[in-house]
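K.L.:
build the 3D model from these lines:
(2 chains)
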Amino acid sequence: MNRILLVCLFISPFTWAEHNHVEDMSEHSHEGHLHETMVDGKNLDVNPERFDTFMEGLTGVNVAMVSVKGMVCDFCARGIEKTFSKDKSVMKIDVDLDSGKVMIAYPKTKEIDFDDIKKKILANGQNATELQILEA
Amino acid sequence: MYFSDSIQDSVYAHYSPSYKYSIGIEKADDKFSNTQQTSFRFTYLLNRKNRKGSQRNLYAQAGISLNNSDSTFYGIHGDWETRRLFSGFGYKEVQNKSVQDYSDQYMQLGVAPYLGDYGDLHTWIMVKTKKNSLTRGWSTYPVLKFFSGNALIEFGYNDKTEWDLHVVYRF
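P.N.:
So this is what the prediction gives:
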């Protein structure tokens, strides 16, 4: 009996935490955020507030969300911004060091080429590993 | 790039056609020999490992004096860093037949007290230990590094080597 009680006591904090985590997730509303459609159907893997700030002043764009390996330093990531800024089709760029993501806004008429993005990231010495495209 | 320590003051301008290598010109005032050298420098990235939260680099470098072809150097340096932690090392062998050969080596560890966003002022608190064969013995001292945008400044002080100053601006 004591063993059962001990096991219950041990498990209960985790169960409580898990329960609350699920509740928190279900209660978290993205209502009001601008991201609605993921082209590839995956979940948006970026801070919603950051994304909304990025989208301010932008309409009719596709946003490339690029996962980048090795992007750990602001000073080293400067070249990424510089390289993409030279591309006239790029409307806006955001570097998120915390999540290792780069957001790039293109006009809807521009076809997003992941190979080209990979080349530009590699030119700065980092590796682009994944691309998600968001229509906004 | 401007660098100053107990051995030399130098100004270095370089160009990186690719992330794998850079070429540059260094003008140095040698405090030990009281000479001035202008050197051609070449740095090559031997190995880089990018991970989601870290980057590791290993570089080789070499240089030759434009004033005196008997004066050359070669070396290796590397680093590993995350958003929070930094470690680095370097070794350089300077051959200067008209004056005196020497070697220079260092290790450096650092921690970022806070994680700034892109564009913020970033700060590193570091400890550096270095040894130069001309001055003998290891010298260990604290170093502060700050960078924001395209500018970086790093300085350290100890009573044996006095000031270390490193300023970089990226164009």
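
K.L.:
tally of neighbours for residue B:70?
P.N.:
Residue B:70 has 12 neighbouring residues, counting by other C-beta atoms under 10 Å in any protein chain shown. Using the backbone N, CA and C atoms, a C-beta is placed for each residue, glycine as well.

K.L.:
look up how far residue B:125 lies from it.
P.N.:
Separation of residue B:70 from residue B:125 (C-beta to C-beta, to the nearest Å): 41 Å.

K.L.:
next: residue A:117.
P.N.:
35 Å.

K.L.:
what segments of chain B are strands?
P.N.:
With DSSP state E, the ranges of strands along chain B come out as B:2-4, B:8-18, B:21-30, B:35-50, B:55-65, B:71-81, B:85-96, B:102-111, B:122-132, B:138-148, B:151-158, B:162-169.

K.L.:
equivalent analysis for chain A, please.
P.N.:
Along chain A, the segments classed as strands by DSSP E run A:37-38, A:61-69, A:92-96, A:101-107, A:127-135.

K.L.:
for residue A:78, find the nearest of those.
P.N.:
Nearest of the strands of chain A to residue A:78, taken as C-beta to C-beta: strand A:92-96 at 8.7 Å.

K.L.:
ok, residues contacting the closest one?
P.N.:
A:46-47, A:50, A:54, A:58, A:71, A:77, A:80-81, A:84-85, A:102-105, B:117-118 (C-beta atoms under 8 Å, 6 or more residues apart in numbering or on different chains).

K.L.:
now, these that are in helices?
P.N.:
Counted as lying in helices by DSSP state H, out of the contacts of strand A:92-96, are A:50, A:54, A:77, A:80, A:81, A:84, A:85.

K.L.:
nearest spatial neighbour of the first one, skipping sequence neighbours?
P.N.:
In this structure, residue A:50 finds its nearest non-sequential neighbour in residue A:96, 6.4 Å apart by C-beta to C-beta, 6 or more residues apart in numbering or on different chains.

K.L.:
confidence score at that neighbour?
P.N.:
If you check residue A:96, the pLDDT there is 94.

K.L.:
one more: residue A:18?
P.N.:
pLDDT, residue A:18: 39.

K.L.:
that older thread, residue A:117 and residue B:125: which has the busier surroundings?
P.N.:
Under the neighbour definition other C-beta under 10 Å, residue A:117 and residue B:125 were set side by side, and residue A:117 has more, 19 against 14.

K.L.:
from residue B:93, how far off is the more buried one?
P.N.:
41 Å.

K.L.:
with only the CA atoms kept, save stretch B:36-54 in CSV.
P.N.:
Taking Å, rounded to 0.1, in the frame of the first residue of the first chain, the C-alpha atoms of stretch B:36-54 are listed here in CSV:
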residue,chain,number,x,y,z
GLN,B,36,57.8,48.0,-38.2
GLN,B,37,56.6,45.2,-40.4
THR,B,38,54.0,45.2,-43.2
SER,B,39,52.9,41.6,-43.9
PHE,B,40,50.7,39.7,-46.2
ARG,B,41,48.4,37.4,-44.3
PHE,B,42,46.4,34.4,-45.4
THR,B,43,43.8,32.6,-43.3
TYR,B,44,42.1,29.4,-44.3
LEU,B,45,39.2,27.6,-42.7
LEU,B,46,40.3,24.0,-42.2
ASN,B,47,37.2,22.8,-40.7
ARG,B,48,33.8,24.0,-39.6
LYS,B,49,31.0,22.1,-37.9
ASN,B,50,27.6,23.8,-37.7
ARG,B,51,25.0,22.5,-35.3
LYS,B,52,21.6,23.9,-34.4
GLY,B,53,23.0,25.6,-31.3
SER,B,54,26.7,25.7,-31.9
